[in-house]
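Q: Return atomic coordinates for the entry below.
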Amino acid sequence: MRINDLPNDCLLMIFDQFHDLQQFPKLMKVCSRWKTLIQIRLKKVKHFDCTCLDSDFPQCFRLQVVGKCVSTENMNLLEKIRLTELLPNVKTINFQSSKNPCSCSTLAHLLANANPIEGLCFYNYEYNERHKCKLMRSVNELITPFLGEIKVLATHFDEVIRSYFKAFGHLKKLRTLGNSAVGGHVRFIHVGKFSKFMTNLKTLSVYCDHESETKHCAEYKYKIPVLEKLQYLDIGNCLSDCWTLKFLNFCPNLQYLAIKITVYRDPIRFDRIDKNYNVIGLEITISAWFHDEFIIQTVEKFPNCRYLCVHSNVSESVEIEVIKLLPHLSTLVFGSDSMSKDPNNIQAIKDYCQKHNRQIDYYINTKDENLANNELHRNFHRVFYNQYSLQNFR
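A: Next up, the predicted model:
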């Protein structure tokens, strides 16, 4: 039996297993029948992944290509194709590059030759957020006009974010801003400036820098509306006495929170943060030599937390105190690989839980193979790390 003896349905199932964009032109040359079937296959594609990263980049930065998705790492190909013809139904584009030259012109070409998209993830790790190439200085004309239907926007380039909100923020279509999976936090200054357009936001990944704190945030802190629909929040690089932390008071319906606290000099004023009874998943990363105090002060603000992951070295007494503070806790993970793994300490925790009738799944680091079977852990990481929010459109 030859492959062309198979019915069209079977051939389409085979073609659905191909995801490299460079393969399809070759397949289309086999015969007219294959060309027609490949065109049908490409019309199914909803997500286009352009990941041009160096080989030493972490695997988490690379999208797992499945479902209605095709991909390429060929920058030259990206500058030639017309998505309206090749992939007419693409709704989301993930474009990451770690190589020179600047990839802004390639993105502009893709957007100008695509039908309206709903999701964009754009990062070039060779450049910082203030990057201003010739094209970026014309972002209002060459990139922004094609973002009017965007629901997911993830980029570290300030010019793209500012231009988008000035042009389309009033439509309040955005559901996701930033991307934790690729370390794609946006600067908190943009939240301060454009929060009035974020009332429909569901997922937000932000980080605080010194400039945002000292020059800008105080100006906007009394103008931020309550973001009632925000359920998933990732705060990176939360500084001492950071106003970004106080932003939690404007997010009453959070369910999942990841927060990284960096302490340089002054203590963090946890007393300025209201308790949140809706958070069920919490991840804390603390960079401070007096981290025990911060862990206690943080977790007590989220008394209904069911999943807690702490990236920090902590003492046995703090672990027990955390369990006392969180009566609904069912999964506890201490994610520092350098943490003491003294069997006596581990047994003391288990003995405490048994004595007080606490059913808690306890893990001493995030590399524990059994974590993959923990539903709360999977749910938390599915929100922030293991899948791009862009994939929701597949």
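Q: only C-alpha atoms for contact and neighbour calcs from this point on.
A: Noted.
Q: quick one: the helices in the stretch 151-300 of the chain?
A: Counting by DSSP state H, counting those that start in this stretch, the stretch 151-300 of the chain has helices at residues 158-168, 188-194, 210-211, 218-220, 243-246, 291-299.
Q: Please identify the buried residues of stretch 293-304?
A: 294-295, 297-304 (16 or more other Cα atoms under 10 Å).
Q: Equivalent analysis for stretch 134-147, please.
A: 135-136, 139-140, 142-147.
Q: would you list those residues in CSV and tack on secondary structure?
A: Below are the buried residues of stretch 134-147 laid out as CSV (DSSP: H, G, I helix; E, B strand; the rest coil):
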residue, secondary structure
135, coil
136, helix
139, helix
140, helix
142, helix
143, coil
144, helix
145, helix
146, helix
147, coil
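Q: can you put the residues you listed in JSON lines and add pLDDT and distance to residue 121?
A: Formatted as JSON lines, the buried residues of stretch 134-147 follow (pLDDT from 0 to 100; distance: Cα to Cα, whole Å):
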{"residue": "135", "pLDDT": "78", "distance to residue 121": "18"}
{"residue": "136", "pLDDT": "83", "distance to residue 121": "16"}
{"residue": "139", "pLDDT": "90", "distance to residue 121": "16"}
{"residue": "140", "pLDDT": "90", "distance to residue 121": "18"}
{"residue": "142", "pLDDT": "91", "distance to residue 121": "17"}
{"residue": "143", "pLDDT": "93", "distance to residue 121": "13"}
{"residue": "144", "pLDDT": "95", "distance to residue 121": "14"}
{"residue": "145", "pLDDT": "96", "distance to residue 121": "16"}
{"residue": "146", "pLDDT": "96", "distance to residue 121": "14"}
{"residue": "147", "pLDDT": "96", "distance to residue 121": "12"}
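Q: tally of neighbours for residue 24?
A: Neighbour count of residue 24, defined by other Cα atoms under 10 Å: 20.
Q: Contacts only, for the nearest residue to it once chain neighbours are set aside.
A: Excluding its sequence neighbours, the residue lying closest to residue 24 (Cα to Cα, 6 or more residues apart in numbering) is residue 38, at 7.0 Å. Residue 38 makes contact with 12, 15, 24, 27-28, according to Cα atoms under 8 Å, 6 or more residues apart in numbering.
Q: Now with 10 Å, please.
A: Contact analysis of residue 38 by Cα atoms under 10 Å, 6 or more residues apart in numbering lists 11-12, 15-16, 24-25, 27-28, 32.
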